[in-house]
Each structure stands twice: as C-alpha cells, then as structure tokens.
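Novice: Okay, sequence plus prediction incoming.
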Amino acid sequence: GAVVSQHPSWVICKSGTSVKIECRSLDFQATTMFWYRQFPKQSLMLMATSNEGSKATYEQGVEKDKFLINHASLTLSTLTVTSAHPEDSSFYICSASPGAYYEQYFGPGTRLTVT
Amino acid sequence: KQEVTQIPAALSVPEGENLVLNCSFTDSAIYNLQWFRQDPGKGLTSLLLIQSSQREQTSGRLNASLDKSSGRSTLYIAASQPGDSATYLCAVRPRNYGQNFVFGPGTRLSVLP
C-alpha cells in the first residue's frame, strides 16, 4: 500500500523557537495533504488542507501565521510551528491523497514537546 | 455540520470474545466511512474503508457495516486477541464538505489475556 513518512518522529524544543515537520508520500504523488493535531486521549482534529502549488486552507480557529504549511511538490508538505509555546505540544499527523476523494494515507505522526 | 460519535468510549474484555464497536454520524450525505486503529503514541492504521454505496466490508476477523440512512456503522471483531488492544477510530468523509475527514473520539479497547 501507499506509504507516508513524517520527520522527525519526535522533537523537543524550547519555547519561542520554530519547528518544522515534514510529510512525504514515498510511492505516489499526493495532490492533497492534510495536517491533523491530536491531544492526549482525544481524536484527530483537522488543522489545514494543502494542495500542491497553492495556499493551504485552514480550519476555523487555526492560526495561519502560527502554523505555516508549504506544499511545494507532489511528494512533500511541511508544517512549521512558529514561536512555539508549551500549549503547542501535541501529536501532529499528516495524511496524503492522490486526488480528490481518493483514500487518505496517514503518516506515523510527530510528537512535539515544547518546554 | 457533521458530527461523529463512538460508543463505548472504552471497553475491556477477556480474550476470545466477539466485539461490537459503534459509530454514529449526524449527516448521511457521506462519500465514505473508514475505520482506523491507533496504538498509543503511533499513527493511524487503516482497517476498512466502506464507500457510501456499500453495506459492509470484511478483512480477516474484522467486519464493518454501514447503514447510511440511519447514520451508523458497526465494527465487529471476532475472537478478540490481546494484540487487538488499541484505540479504534471511525471517520467519515462528508460529501458536502470537500475532502476532509471528520473523526469520532475513538473507542479504547483492552483485550485481556
């Protein structure tokens, strides 16, 4: 099946710094990638949808300037958490899809801890 | 707005039992419904995908049914094993809201040896 990777798998950073998380589709071209956030013992909440070559669409309540998303190629999307604070600590999961209404393939997630 | 709920929130059973996990959604206009498994601190593993035109899907000991008109899906796990212990999430892709998934809160399953 289709494989999606994320890097890093976990990261610890100091408050005020920025962190970049990569999401890659390894064996297919992903026209659309999704970024989710998951707090402990809670379900996944969609943060934004990104289509290759265009600006990301953010869900209500998600700060665009806080969570920068770039989908510059058909196999790579990045999420940058800018000026991270402890409340940004969470599990971030991406998914990738070959096209509209195709199945989504999920990455293994990235655990972010901000101290 | 589509909302997804799952019952029960948590379940603990002895090994060998047959299980039923329930998922309900408020808007029947869906494109598909998918069941996932998530182990602690890990990503999602897709278990079964049911298109809106389908009634059920089977994979090994897993069987998922879909009743779109009543807004329900059920995941059956036969002959449960300790390795089945995980959180099970259902997610629907609403037909009217683009490509986004709406996830349920999950059912945390513990199968005791």
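Specialist: Nice, I can see it.
Novice: hey, what's residue A:6 bridged with?
Specialist: Residue A:6 has these beta-bridge partners by DSSP bridges: residue A:23.
Novice: Could you list the low-pLDDT ranges of chain A?
Specialist: For chain A, residues meeting the criterion pLDDT under 70 lie at A:1, A:100-101.
Novice: Can you pull the residues of it lying near chain B?
Specialist: Taking CB under 8 Å from any CB of the partner chain as the contact definition, chain A meets chain B at A:6, A:32, A:34, A:41-46, A:49, A:91, A:93, A:95, A:97, A:100-101, A:103-109, A:111. All C-beta spots, glycine's among them, are computed from the backbone N, C-alpha and C.
Novice: Restrict those residues to the buried ones and give me that as a PyMOL selection.
Specialist: Under the burial definition 16 or more other CB atoms under 10 Å in any protein chain shown, those of the residues of chain A next to chain B that qualify are selected in PyMOL by:
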select buried, chain A and resi 6+32+34+43+44+46+49+91+93+95+97+104+105+106+107+108+109
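Novice: Residue B:48 is in contact with residue B:66, correct?
Specialist: No. Using CB atoms under 8 Å, residue B:66 is not in contact with residue B:48, being 9.7 Å away.
Novice: Look at these two and report which has more neighbours.
Specialist: Counted by other CB atoms under 10 Å in any protein chain shown, residue B:66 and residue B:48 do not tie: residue B:66 has more neighbours, with 25 against 20.
Novice: mind checking the SS state of the more buried one?
Specialist: strand (DSSP: H, G, I helix; E, B strand; the rest coil).
Novice: roughly how far apart are it and chain A?
Specialist: Here residue B:66 is placed at a distance of 16 Å from chain A (CB to the nearest CB, to the nearest Å).
Novice: quick one: contacts for the residue nearest to residue B:28 when sequence neighbours are not counted?
Specialist: Nearest non-adjacent residue to residue B:28, counting by CB to CB, 6 or more residues apart in numbering or on different chains: residue B:68, 5.0 Å away. Contact partners of residue B:68, counting by CB atoms under 8 Å, 6 or more residues apart in numbering or on different chains, are B:28, B:30, B:52.
Novice: Tell me the spacing between residue B:68 and chain A.
Specialist: Counting by CB to the nearest CB, the gap from residue B:68 to chain A is 16 Å.
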